[in-house]
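Colleague: after the sequence you'll find the predicted model.
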Amino acid sequence: MTRTRPTITDVARHAGVSVATVSRVLNNNASVGDDFRAKVLAAIEALHFRPSPLAQNLRRYAPATRLIGAIVPSLRSPHFVEVVIGIQEFCYEREYGVVICNAHGDPEQELFYASELERQGVEGIIFTGAWGWDMIDHIEALVEKKIPVCVINRPIGQLAVDLVMVGRRQGNYLATGHLLNLGHRSIGHITTRYSGSTAREAASGYRKALVEAGLAVDESLIVEAEPTPEGGYEAAHMLLGRSPPPTAIAARSDLTALGVLRAASEMGLRLPDDLSVVGFDDAPFAQFTNPPLTTIRQPQAEMGAHAAALLLERLANPDLPQRQVILEPRLIIRGSTAKYQPLPAATALA
């Protein structure tokens with residue numbers, strides 16, 4: 001039978017101290033008292049604990065640096081890149097290093113990196129979001145081991161962890177409401193392909209705006225797609241291939257909206273004359289598309305900084321109550337949306 005390799009959590013439990021204290025001892029941090037240091041060293045010897053090679057390399061190149069981890073659903077997304085920048089800048093000013101793990105859009109890789117970061121002995125972990133993933137068992141396991149965790153834009157049920165949120169429901173409500181105010185009545189909505197509660201919450205904002213405008217919700221106008229340009233491209237072809245097609249589309253993200261713009265161009269549609277499009281995120285490229293993209297702004301770097309602040313505060317005071325930071329989305333109007341212009345009667349009958 002294969003023997004399980006002891007982890008930093010096992011050392012902390014054996015010594016009767018926190019994971020952060022064990023990490024400080026491994027980092028030769030002078031802030032740990034002699035009594036606690038002796039307990040940790042005795043536990044390491046008793047358990048035959050050996051840090052992972054990656055953790056040893058990290059300490060070799062930055063022996064005085066305290067480390068946290070950040071797991072990112074996909075660094076292909078400019079949204080998550082901006083969030084990570086916010087985390088790194090905040091931590092750098094406070095002499096913390098950040099180990100960044102890219103899950104490449106794969107929930108199984110997130111599970112792997114959560115386990116690996118624990119093994120490496122980082123002091124806490126930030127989960128920067130999810131592409132509709134609802135799984136939280138691994139996060140709950142970290143909390144039970146008293147490893148500090150902060151979560152961004154992700155449903156956590158009753159789990160008592162610190163949380164930073166920007167309401168997708170409110171954002172999609174703003175996007176759909178903007179299109180309704182422009183006179184559009186047939187509005188497509190591209191949501192995430194994952195069937196998690198994040199996706200359901202986002203679509204509920206779209207539905208709410210339509211119902212308040214006195215319109216029936218046509219579920220066939222809600223199309224699931226991967227949160228990528230390719231996903232947006234495929235979804236746009238599905239929507240715009242309808243007869244009649246929608247006159248506007250609210251996309252799940254700016255990346256998704258890129259695919260919509262490409263599909264519309266290939267189909268000979270002029271934006272915003274023939275089709276209005278709204279994105280979500282306000283990625284750096286959004287103002288440089290043709291036409292510039294109307295979108296819902298999330299304060300992405302601010303989200304990352306808030307998450308880092310919550311995590312470092314919890315490291316300093318593990319007994320703090322659960323905290324939540326709620327940030328408001330904003331509608332940014334640019335050139336990809338315009339008032340609905342009905343086709344001339346002769347054209348419509350042609």
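Modeller: Yes, it's here. Numbers count the residues shown, from 1 in each chain.
Colleague: once you drop chain neighbours, what's closest to residue 37?
Modeller: Closest residue to residue 37 apart from its sequence neighbours, by C-beta to C-beta, 6 or more residues apart in numbering: residue 25 at 5.5 Å. C-beta here means a position set from N, CA and C on the backbone, and glycine is covered the same way.
Colleague: ok, now how distant is the one you found from residue 146?
Modeller: 16 Å (C-beta to C-beta, to the nearest Å).
Colleague: ditto for residue 284
Modeller: 38 Å.
Colleague: try residue 167
Modeller: 30 Å.
Colleague: before we move on, what about residue 282?
Modeller: On the measure of C-beta to C-beta, residue 282 and residue 146 end up 37 Å apart.
Colleague: same question, residue 312
Modeller: 16 Å.
Colleague: comparing these two, which shows the higher neighbour count?
Modeller: residue 312 (20 against 14; other C-beta atoms under 10 Å).
Colleague: poorly predicted segments of the stretch 201-350 of the chain, please.
Modeller: 201-202, 343-350 (pLDDT under 70).
Colleague: where along it do the strands fall?
Modeller: 222-225, 248-250, 276-278, 295-297, 324-327, 330-332 (DSSP state E, counting those that start in this stretch).
Colleague: partners of the second one, with directions?
Modeller: Taking DSSP bridges as the criterion, strand 248-250 forms sheet pairs with strand 187-192 (parallel), strand 276-278 (parallel).
Colleague: residue 244: which of those strands is closest?
Modeller: Evaluated with C-beta to C-beta, the strands paired with strand 248-250 place strand 187-192 nearest to residue 244, the distance being 11.6 Å.
Colleague: list the residues that contact residue 66.
Modeller: 23-24, 27, 29, 95-97, 123 (C-beta atoms under 8 Å, 6 or more residues apart in numbering).
Colleague: on that earlier part again, make CSV out of the strands paired with strand 248-250 and add distance to residue 172 and mean neighbour count.
Modeller: Shown next, in CSV, are those (distance: least, C-beta to C-beta, whole Å; neighbours: other C-beta atoms under 10 Å):
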stretch, distance to residue 172, mean neighbour count
strand 187-192, 7, 27
strand 276-278, 9, 28
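Colleague: quick one: which of the ones you listed is nearest residue 339?
Modeller: strand 276-278 (8.7 Å).
Colleague: chain center to stretch 140-154: distance?
Modeller: 15 Å (C-alpha atoms, centre = their mean, to the nearest Å).
Colleague: got it, and stretch 296-303?
Modeller: Using C-alpha atoms, centre = their mean, the offset of stretch 296-303 from its chain centre is 11 Å.
Colleague: other residues contacting it?
Modeller: Against stretch 296-303 from outside (C-beta under 8 Å, 6+ apart): 79, 82-83, 85-86, 89, 152-153, 164, 166, 171-172, 174-175, 278-282, 327, 329-332.
Colleague: can you flag the buried ones in the residues you listed?
Modeller: 79, 82-83, 86, 152-153, 164, 166, 171-172, 174-175, 278-282, 327, 329, 331-332 (16 or more other C-beta atoms under 10 Å).
Colleague: what's the domain layout of this protein?
Modeller: Listed by automatic domain parsing, the domain ranges of the chain are 1-50, 60-166+301-329, 168-297+332-341.
Colleague: returning to that earlier point: let's have the strands paired with strand 248-250 in a markdown table, adding distance to residue 12.
Modeller: As requested, the strands paired with strand 248-250 are exported to a markdown table (distance: least, C-beta to C-beta, whole Å):
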| stretch | distance to residue 12 |
| --- | --- |
| strand 187-192 | 37 |
| strand 276-278 | 48 |
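Colleague: quick one: the nearest residue to residue 290 once chain neighbours are set aside and residue 224, what's the gap?
Modeller: Using C-beta to C-beta, 6+ apart and skipping the chain neighbours, the partner closest in space to residue 290 is residue 261 (7.8 Å). Separation of residue 261 from residue 224 (C-beta to C-beta): 19 Å.
Colleague: between these two, who's got more neighbours?
Modeller: Neighbours were counted for residue 261 and for residue 224 using other C-beta under 10 Å; residue 261 has more, 25 against 18.
Colleague: any idea how far the more buried one is from residue 8?
Modeller: Taking C-beta to C-beta, one finds residue 261 at 47 Å from residue 8.
Colleague: same check on residue 22?
Modeller: 5 Å.
Colleague: find residues that contact each of the two.
Modeller: residue 121.
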